[in-house]
Every structure is written in structure tokens, then in C-alpha cells.
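Visitor: Predicted coordinates and the sequence they were generated for:
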Amino acid sequence: MRNSNKPNAISFLVIAGILIWGPLPVDARIKGKIVLGFSQIGAESAWRVANSKSIKEAAVEAGIHLVFEDAQQKQANQIKAIKSFILQKVDVIAFSPVTQDGWHDVLIQAKNAGIPVILLDRAIEEKDDSLYTTIIGSDFRFEGRKIGECLVDLLKKENRSGAALNLVELQGTIGSAPAIQRNLGFFEIIGKYKNIKTFRSESGDFKETNAKQLMEKILQEASAQKTNIDIVFAHNDNMALGAISAIESMGLKPGKDILLVSVDGIREAFVAMDQGKLNCTMECNPLLGPQLMKAVLDVANGKKIPKRVVTPENLYQADTAKAELPKRKY
Ligand code: AHR
């Protein structure tokens, strides 16, 4: 009887081929399906987890073969993944860039290989816009402005818009588009109020545990200087949740003793708003999978698509949180 465990001549040739020339082009393996290589940033927040789920589900729904790589928040890993997608000869590359800068060389490589690139969620700083087909995602600066306006309204309602106030900004990943743009948008509004001083502005990398530790440290520093913190602006809801735990551990009431505003609109943020611990959140919709897959199909079929697609989003405040909670999809 033939021993099926022994490598036959064909498998020997395939292995030798892989060793010499690298992996076979994906289109030689996944017959008939469009192949999308997607480099995801990581799993730093509930937003990101919902985004990855949406992408994976939408790929199945659209009949697209998805090669999904998690970069664990490292740009080097994203560049490595994109280079491997080029080697695999995928039909389309998409990625959510962890930072705004540093993509030029790898995008040139994709262009030279004739593979279209879609930016999802975050934009990049790149003068040559022929290096990507489209950007699908939120307007982060608009989000920053909306959350700034919400804070101004809250202060007016409490007759505190002229009072001397100390603010803490918990920034997202340094150098990322949402951290840069939300900061700019927020201070476009808040910068007009000279009575509001920034006590600290530090990065929690969009992570809840980082933000909790950071906020504890900042509250201790403030207390040592006999300074009250009045406002926290967190660049995402998970960091706001971390700040809430830190504020409570100091015996203070989040949402009352310290006003809290943030961005994303995750379900847990609505729970916190309903409990009066968070004052408002500006939605940033992570459910981009269906839009991405439509763009991939269009691009792969040679259709022209808009250079920028902005996701429509809403501001939510504590008074509507209970009614909105059952409708939240992430
Ligand atoms: O790029 C979108 C941002 O990235 C979200 O606000 C944040 O939660 C995520 O990690």
C-alpha cells in the first residue's frame, strides 16, 4: 500500500518553489475570489474590536477572500504585512494606518506592483494622493469640535463657562490621525475660553488600562499641588472609562465633580452616561466593513470611486443615553 505521509514529487516541487520564489500568488490558490489584504492596527479598544468584526463579517457576506493581519499597534508590523500582501499578489490592499506619517515607501511599492490601496478609518500625511485610491472613515477634527461644543453647553448650563477651570486631555496614540485631529478640533472651540487651563495632556494610547493609571497619577499630582481637576477630555470612550475608575478610586464623582467628554459612542459609554458618570460622547462609527467591501469590489472591477468617503455621525448626551442604549450596535 502507498504511504500517504511520504511527500510525493508534486509536494516536493511546491515546497521547493515556495523556498526559492516565496509563497504562491494568492490568485493561484483562491480561484475566482477577489483577494483583499487588510492590515488592522490592533485590538486597543472596543471600537477597534467592533471594526475588525465588521470587516470580517462583511468580507464573508461579499464573497471576498480576506487576508487579515493584526499589527499589535506597531507601524513596522503594518509595513511588513503590506509588503507580504504585495508578494502574495492580492487584488486590493486596505489598512488602518496607526500613525499619519511614514507610509510613502511602502505605498510606492504597492503602486509599482499595480495593487490599489484603500485607507480605512484613518488618513495619512502623504502629498502624492495617487498612492491610495480612497479614504473611508470619520472626520476626526469635526468630532473634536462637536465634543468641544458639547462641553461649552454643559458649562453654560452649570453657569461655569467663565469660571477658572482645569482640564486634563487623555490623548490617543501619539502621531495618529484621530489624536492629532481631535485635539485640533476640540481646542478650536475650547481655545476661545481663556479661563480653561490644560493641567495635563498625555497619551493613554487609546487603552482603558493605560488611561486609568495615567489619570490616577495626574489626580495625585493635582492633589499634591492643591489643584482641582474640573474636566477630562478623553480621545476615546475606553480611556474615559479608565478615567472614571481612577476618579472613583480617589473618592470623587465622575460626571459631577469632574465633567467627562469623549469620542466613539461604544455601548459601555452609554451605560456610563445613563449612570451619570460620562457627560457626552461623539459617535465614531466602526462598522465600516460593508462600505470597505463595496469599495474593494468597485476598485477590483475598475470602477471609479470617490477619493474621500466621510462617515455620518451624531453627538450623544447623558439625557438620551437610556433610550439610545438598546439601539447601539457596538
Ligand atoms: O481611529 C479610530 C480610533 O481608534 C477610535 O476612536 C479609537 O477607539 C480607536 O482605537
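Guide: Ah, there it is.
Visitor: and the stretch 101-250 of the chain, which residues reach the ligand?
Guide: Residues of the stretch 101-250 of the chain found near the ligand (C-beta under 6 Å from any ligand atom) are 121, 122, 178, 206, 236. No exception for glycine: its C-beta is placed from N, CA and C like everyone else's.
Visitor: Residue 201: how many residues sit nearby?
Guide: Look at residue 201: counted by other C-beta atoms under 10 Å, it has 14 neighbours.
Visitor: quick check, nearest of the residues of the stretch 101-250 of the chain next to the ligand to residue 287?
Guide: Using C-beta to C-beta, residue 121 comes nearest to residue 287 of these, at 11.1 Å.
Visitor: neighbours of the closest one, just the number please.
Guide: Neighbour count of residue 121, defined by other C-beta under 10 Å: 27.
Visitor: Same question for the one 3 residues further on.
Guide: Under the neighbour criterion other C-beta under 10 Å, residue 124 is assigned a count of 19.
Visitor: Most neighbours among the residues of the stretch 101-250 of the chain next to the ligand, please name it.
Guide: Greatest neighbour count in these, by other C-beta under 10 Å, goes to residue 236: 34 neighbours.
Visitor: Might one say that that one is in contact with residue 264?
Guide: Yes - under the criterion of C-beta atoms under 8 Å, residue 236 makes contact with residue 264 at 5.0 Å.
Visitor: Mutual contacts of these two, please.
Guide: Contact with both residue 236 and residue 264 is made by residues 45, 47, 284, according to C-beta atoms under 8 Å, 6 or more residues apart in numbering.
Visitor: Look up how far the ligand lies from the first one.
Guide: When C-beta to the nearest ligand atom, to the nearest Å is the yardstick, residue 45 and the ligand sit 4 Å from each other.
Visitor: Contact partners for that residue?
Guide: 206, 207, 208, 236, 237, 238, 264, 266.
Visitor: rerun that using 6 Å as the cut-off
Guide: By C-beta atoms under 6 Å, 6 or more residues apart in numbering, the residues touching residue 45 are 206, 236, 238.
Visitor: measure it to residue 263 for me?
Guide: 11 Å (C-beta to C-beta, to the nearest Å).
Visitor: same question, the second one
Guide: Shown here: residue 47 relative to residue 263, a distance of 9 Å by C-beta to C-beta.
Visitor: Between those two, tell me which one has more neighbours.
Guide: residue 263 (32 against 22).
Visitor: before we move on, back to that, which of the residues of the stretch 101-250 of the chain next to the ligand fall within helices?
Guide: By the criterion of DSSP state H, membership of those in helices covers residue 178.
Visitor: now the one helix or strand residue 82 maps to: mean pLDDT?
Guide: Assigned by DSSP states H and E, residue 82 falls within helix 75-87. For helix 75-87, mean pLDDT is 98.
Visitor: Buried residues, that helix. List them.
Guide: Within helix 75-87, the residues scored as buried using 16 or more other C-beta atoms under 10 Å are 75, 77, 78, 79, 81, 82, 84, 85, 86.
Visitor: The third one and residue 71: what is the separation?
Guide: Read it as residue 78. 4 Å.
Visitor: Overlap in contacts, these two.
Guide: Common contact partners of residue 78 and residue 71 (C-beta under 6 Å, 6+ apart): residue 39.
Visitor: what sits against residue 200?
Guide: Counting by C-beta under 6 Å, 6+ apart, residue 200 has contacts 168, 218.
Visitor: immediately after the one helix or strand it maps to, which helix or strand?
Guide: When elements are assigned from DSSP H and E, residue 200 belongs to strand 196-203. For strand 196-203, the following helix or strand on the C-terminal side (DSSP H and E) is helix 208-224.
Visitor: the inter-axis angle of that next one versus strand 196-203?
Guide: Angle, helix 208-224 to strand 196-203, by axes from the mean of the first three to the mean of the last three C-alpha atoms, to 10 degrees: 140 degrees.
Visitor: residues in contact with helix 208-224?
Guide: Helix 208-224 is touched from outside by 168, 170, 200, 202, 204, 229, 238-239, 241-243, 245-246, 250, with contacts defined as C-beta under 6 Å, 6+ apart.
Visitor: Nearest spatial neighbour of residue 43, chain-adjacent residues omitted?
Guide: residue 49 (5.6 Å; C-beta to C-beta, 6 or more residues apart in numbering).
Visitor: Distance-wise, check the one you found relative to the ligand.
Guide: When distance is defined by C-beta to the nearest ligand atom, residue 49 is 9 Å away from the ligand.
Visitor: Now do the helices in the chain.
Guide: Using DSSP H, the helices of the chain run over 9-21, 26-29, 46-62, 75-87, 104-112, 140-157, 177-190, 208-224, 237-249, 267-274, 289-300, 321-324.
Visitor: Could you count how many residues lie near residue 113?
Guide: Other residues lying near residue 113 total 14 when counted by other C-beta under 10 Å.
Visitor: who's in contact with the nearest residue to it once chain neighbours are set aside?
Guide: Nearest non-adjacent residue to residue 113, counting by C-beta to C-beta, 6+ apart: residue 86, 4.8 Å away. By C-beta under 6 Å, 6+ apart, the residues touching residue 86 are 109, 110, 113.
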